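In: Sequence and predicted structure are below.
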Amino acid sequence: MDGMDLGEDEILARQLAAVASSVGAAGGMTGRVARRMKKNVHEIDLILPLPFAEALGRVVRVLDQAGPRFDHAVPGTELRADAMAVRVVTGGGFGGMNPVVVTVFVDALPGGEGCAVKLRAAAKEGLIKQRAGQKTAQRLAALLVD
């Protein structure tokens, strides 16, 4: 896999391994173990009644507050000038220790009627189901429409 084109699973595996290492988890979680864990994914579609630049600005402000922007390419996206994908890694679950990859696609609607926004949040699930992807998507969607 090209280092500039990391998908959700690879990002989550690396983030989980880093978290496990930082807290001194017994045996440490390897990326290989993290890749095999089930993924909790939740997608929410929204319409923002804003011009493209304003909608994108709102998305960037909300995501920048959630976590650091992940500047690698989003696989499978070939976007036009009036469409954009933004991706961050944030914390979810108990104590915010479970990494969640959040990707938001902003696409201008025809005729200047606003923008379609697809918010996707993905997190790995362990034995205790925390639904970090679902809860993070719902929390960020609420911030986008406020």
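Out: Sure, I can see it. Residues are numbered from 1 along each chain as shown.
In: hey, let's count contacts and neighbours off CA atoms from now on
Out: Fine.
In: Look up how far R58 lies from the residue of the chain most remote from its centre.
Out: The C-alpha centroid of the chain is most remote from G111, which lies 28.6 Å away (CA atoms, centre = their mean). According to CA to CA, to the nearest Å, G111 stands 20 Å off from R58.
In: after the lowest-mean-pLDDT helix or strand in the chain comes which helix or strand?
Out: In the chain, no helix or strand scores lower on mean pLDDT, DSSP states H and E than helix 31-36, which sits at a mean of 62. As assigned by DSSP states H and E, the chain's next helix or strand after helix 31-36 is strand 38-48.
In: Could you give me the buried positions within the next helix-or-strand element following that next one?
Out: Scanning forward in sequence from strand 38-48 by DSSP H and E, the next helix or strand is helix 52-66. Within helix 52-66, the residues that count as buried by 16 or more other CA atoms under 10 Å are 52, 55-56, 58-60, 63-64, 66.
In: Closest to F94 out of these?
Out: A66 (15.8 Å; CA to CA).
In: so what's that closest one closest to, chain neighbours aside?
Out: Nearest non-adjacent residue to A66, counting by CA to CA, 6 or more residues apart in numbering: T90, 5.8 Å away.
In: Could you check how far that neighbour is from L63?
Out: Taken as CA to CA, the span from T90 to L63 is 9 Å.
In: residues contacting the spatially most central residue of the chain?
Out: For the chain, the residue nearest the mean C-alpha position is V102 (0.8 Å; CA atoms, centre = their mean). Counting by CA atoms under 8 Å, 6 or more residues apart in numbering, V102 touches 87-90, 119-122, 137.
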